[in-house]
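**Student:** okay, predicted coordinates and the sequence, questions at the end:
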Amino acid sequence: MVYIYFWGTRGSLPASLTAEAVRNKIYRAVKESKTHTVATERQIKDFIETSLPFSVRGSYGCNTSCVEIRSGEDCILCDAGTGLRDFGNYVLQSKDQGKRNKPHTFHIVMSHLHWDHIQGFPFFAPAYIAGNQVNIYGFHRELEQAFVTQQNYLHFPVPLSGMNASIKFHVLKQGREYEIAGFTIEGMRQNHPGDSYGYRFEKDGKIIVYSTDSEHREDADDECYPFLDFFKDADVLIFDAQYSLVDAMYSKENWGHASNIVGVELSVKAKVKHLCIFHNEPTYDDETLFQFLQDTRRYLQIYAESYPLKIDLAYDGLQIEL
């Protein structure tokens, strides 16, 4: 069994959940409850789960990019955004005392080195524990320097060298396959300022593609578009769809992100089974993101009604099992 767990799903910067937004959720829930019987604890739980939309009963979250891909004891983390802090705390708070005190080895693959994808690392508690091993992989030659600079004395009180774990950086080469934590991995260069890289993970016949911070232009309509082969037959495609089609084509063109529309079209062409929209716009509230997901699903009905593509919008805490 392969598991995907989303620790951080916002793009560009963390997003806040304000007191006003929480009050609006409570108001909508109470108003809706007046047409339901919610006298018992079981009825209350059923009402929340079946009668309230996710935008009211939950939240799409606040953390920036960090996705865990796990199979048994083997685990890879995609990017080191603020979600990495929550992952690290989860590891330390594990109820399994034997595993808590046992040295851990962590594998982090980096799409690129922009701040929202590395800013969680200074708060990654396991990196402060002697005996732990942290391997960081990426295609940028500046991989190590980006992490060192982030923690110099002007930006953070603890330098990278002050972390007690063994931290090693591995610069990857394009065109090669790698075996990391039991997964076969290949990377692909993407269109993003400063370059980013997508990753295709394979294990036990399952395929997961992590493709964030990637802009797709007119050549995406080409039958030989290289991303079609990269996405081909993916069980899950984690796809940057931060923008609407209008934003991606006009006001935010060349900003390095894609739209939900091109995500659907590429998924259908590449025969993807499950599209998971990711790198969510930080200025969108939960209601707007919920509507964005509904619009995306409706577009699939227009574009390829008969194609059985499952579409979700990633949120902090979402788990997918393969």
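**Tutor:** Good, I have the coordinates. Numbering: from 1, shown residues only.

**Student:** contacts, neighbours, all on C-alpha from now
**Tutor:** Will do.

**Student:** show the contacting residues for residue 248.
**Tutor:** When contacts are counted by Cα atoms under 8 Å, 6 or more residues apart in numbering, residue 248 touches 257-259.

**Student:** how much space separates residue 289 from residue 213?
**Tutor:** 18 Å (Cα to Cα, to the nearest Å).

**Student:** more neighbours, the two?
**Tutor:** residue 213 (28 against 19; other Cα atoms under 10 Å).

**Student:** check contacts around the closest residue in space to the more buried one that isn't next to it in sequence.
**Tutor:** Ranked by Cα to Cα, 6 or more residues apart in numbering and with sequence neighbours excluded, the top spatial neighbour of residue 213 is residue 257, at 5.2 Å. When contacts are counted by Cα under 8 Å, 6+ apart, residue 257 touches 192, 212-216, 240-243, 248.

**Student:** narrow those to those in strands?
**Tutor:** Among those, the ones falling in strands (DSSP state E) are residue 240.

**Student:** now the contacts of residue 257 as a markdown table including distance to residue 82 and pLDDT?
**Tutor:** What follows is the contacts of residue 257, written out as a markdown table (distance: Cα to Cα, whole Å; pLDDT from 0 to 100):
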| residue | distance to residue 82 | pLDDT |
| --- | --- | --- |
| 192 | 21 | 97 |
| 212 | 16 | 98 |
| 213 | 16 | 97 |
| 214 | 20 | 96 |
| 215 | 23 | 95 |
| 216 | 26 | 94 |
| 240 | 17 | 97 |
| 241 | 19 | 96 |
| 242 | 18 | 95 |
| 243 | 21 | 92 |
| 248 | 25 | 79 |
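
**Student:** residue 278: neighbouring residues, count only.
**Tutor:** 27.

**Student:** does it really touch residue 239, like I thought?
**Tutor:** Yes. Between residue 278 and residue 239 there is a contact under Cα atoms under 8 Å: 5.4 Å.

**Student:** residues shared between the contacts of those two?
**Tutor:** residue 212.

**Student:** how about the strands in the stretch 51-200 of the chain?
**Tutor:** All strands of the stretch 51-200 of the chain, identified by DSSP state E, counting those that start in this stretch, fall at 66-71, 74-78, 105-109, 133-138, 166-171, 178-180, 183-190, 196-203.

**Student:** what residues sit buried inside the second one?
**Tutor:** Put plainly, it is strand 74-78. Buried residues in strand 74-78, defined by neighbour count with 16 or more other Cα atoms under 10 Å: 75-78.

**Student:** do the last one as well
**Tutor:** Of the residues in strand 196-203, those buried by neighbour count under the rule 16+ other Cα under 10 Å are 196-202.
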